[in-house]
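S.K.: Provide a 3D model corresponding to the input given below.
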Amino acid sequence: MPTAKAIHIHGQPAAGGKFPLVCTPLVGRTAEQVMSELHMVLAKKPDVLEWRVDFFKDIGNTAAVIEQARRIKQLAGDTPLLFTRRSIREGGEPIPLSEDQVVALYEAICDSQSVDLIDFEMANDAGHIARLRQAAQTHDIQLVLSFHNFSCTPDLNTLLERFQQAQDLGANVAKVAVMPKGLEDVLTLLNATLQASRTLNIPLISMSMGPFGSLTRLVGSVFGSALTFAVGASSSAPGQVPIEDLNTVLAIVQKSVFGK
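M.R.: Prediction:
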């Protein structure tokens, strides 16, 4: 059994150390849509919220982004907020910002202390990663360094290298998400998760995407993945399942495998 490493927020295990955490995305394009989603999602009691700001049409207005993040946090209360701009390269939406402007936006969000975690892709410029690592550390925000491949599942050694790379770059959490072409690829991802969970010093998040990959969202915690994504209102990636269904399966898995 892997050594479970829980994600911490402000020095404390998130959701009291629950494993895995369940995160639901917010993908509204307007402030009104985001808040409507938020009301719907909070009623389903997720452990973490992710705001996918690349969907937000006012992403170019830093003040509007900060204000929206603050509104989310005010309503969410103790539920941690993960702030994510996913690049087109790794499955995100097109946005009217340069990479320098994206980094400046992240720094402003950290300075505002309106979020608890930030997700940044480890394929980005090393200097940009260093800037955001410093901004996150300064404001006690958790840095998730992520890798996504929407076309295939790299081999086992490559996946292990991506997990290790996140730790080497100073992440608080390592995240790897890949697309399987068959069940063999799902097994490769789970094997990589198991091995990385035993060797990394930080928590990790992993998943396969699409229909086959939905299996990893249901049982990934058994192999060491500390967080799984579920649909609260709208999906942000292929293979996400409704939070109600996910919670049912997780309860069965926890009881069957861990006896609790």
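
S.K.: residues touching V173, list them.
M.R.: 7, 117, 142-145, 166, 202-205, 226-227 (CB atoms under 8 Å, 6 or more residues apart in numbering). For glycine as for every other residue, the C-beta is placed from the backbone atoms N, C-alpha and C.

S.K.: same question, I202
M.R.: Counting by CB under 8 Å, 6+ apart, I202 has contacts K5, A166, Q167, A171, N172, V173, A174.

S.K.: cutoff 7 Å now
M.R.: Each residue near I202 by CB atoms under 7 Å, 6 or more residues apart in numbering is listed here: K5, Q167, A171, N172, V173, A174.

S.K.: Now do it against Q240, distance only.
M.R.: Remark: distance between I202 and Q240 (CB to CB, to the nearest Å) = 24 Å.

S.K.: do the same with H8
M.R.: On the measure of CB to CB, H8 and Q240 end up 24 Å apart.

S.K.: ok, those two, which is more surrounded?
M.R.: Q240 (23 against 15; other CB atoms under 10 Å).

S.K.: neighbours around the closest residue to that one other than its chain neighbours, how many?
M.R.: Spatial nearest neighbour of Q240, excluding adjacent residues (CB to CB, 6 or more residues apart in numbering): V231 at 4.9 Å. Other residues lying near V231 total 19 when counted by other CB under 10 Å.

S.K.: Thought C110 was touching I66, still the case?
M.R.: No: with contact defined as CB atoms under 7 Å, I66 does not count as touching C110 (10.4 Å).

S.K.: Convert the C-alpha atoms of the host helix or strand of M40 to CSV, please.
M.R.: Assigned by DSSP states H and E, M40 belongs to helix 31-42. Below are the C-alpha coordinates for helix 31-42, written out as CSV (Å, rounded to 0.1, in the frame of the first residue of the first chain):
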residue,chain,number,x,y,z
ALA,A,31,-18.8,36.5,-13.2
GLU,A,32,-22.5,35.7,-13.0
GLN,A,33,-22.0,32.2,-14.5
VAL,A,34,-19.1,31.5,-12.1
MET,A,35,-21.2,32.4,-9.0
SER,A,36,-24.2,30.4,-10.3
GLU,A,37,-21.9,27.4,-10.7
LEU,A,38,-20.5,28.0,-7.2
HIS,A,39,-23.9,28.0,-5.5
MET,A,40,-24.7,24.7,-7.2
VAL,A,41,-21.3,23.1,-6.4
LEU,A,42,-21.1,24.2,-2.8
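
S.K.: Which strands or helices does it pack on?
M.R.: In this structure, helix 31-42 makes packing contacts with strand 21-26, helix 62-76, judged by 3 or more CB pairs under 7 Å, 6 or more residues apart in numbering; DSSP states H and E.

S.K.: looking at this, L189 is in a helix?
M.R.: Yes: L189: assigned to a helix according to DSSP: H, G, I helix; E, B strand; the rest coil.

S.K.: Identify the residue nearest it in space, chain neighbours excluded?
M.R.: Per CB to CB, 6+ apart, closest to L189 is S208, 4.8 Å.

S.K.: Report how many residues lie close to A130.
M.R.: 12.

S.K.: Count the residues that sit near the residue nearest to it when sequence neighbours are not counted.
M.R.: Closest residue in space to A130, ignoring its immediate chain neighbours: G170 at 8.0 Å, by CB to CB, 6+ apart. Neighbourhood size, G170 [other CB under 10 Å]: 16.

S.K.: Likewise for the one 10 residues further on?
M.R.: The number of residues packed around P180, counting by other CB under 10 Å, is 22.

S.K.: what's the pLDDT at it?
M.R.: Here, the pLDDT recorded for P180 equals 96.

S.K.: residues contacting it?
M.R.: T153, V186, S208, G210, F212, G213 are the contacts of P180 under CB under 7 Å, 6+ apart.

S.K.: Counting only helices, which of these make the cut?
M.R.: Among those, the residues falling in helices (DSSP state H) are V186, G210, F212, G213.
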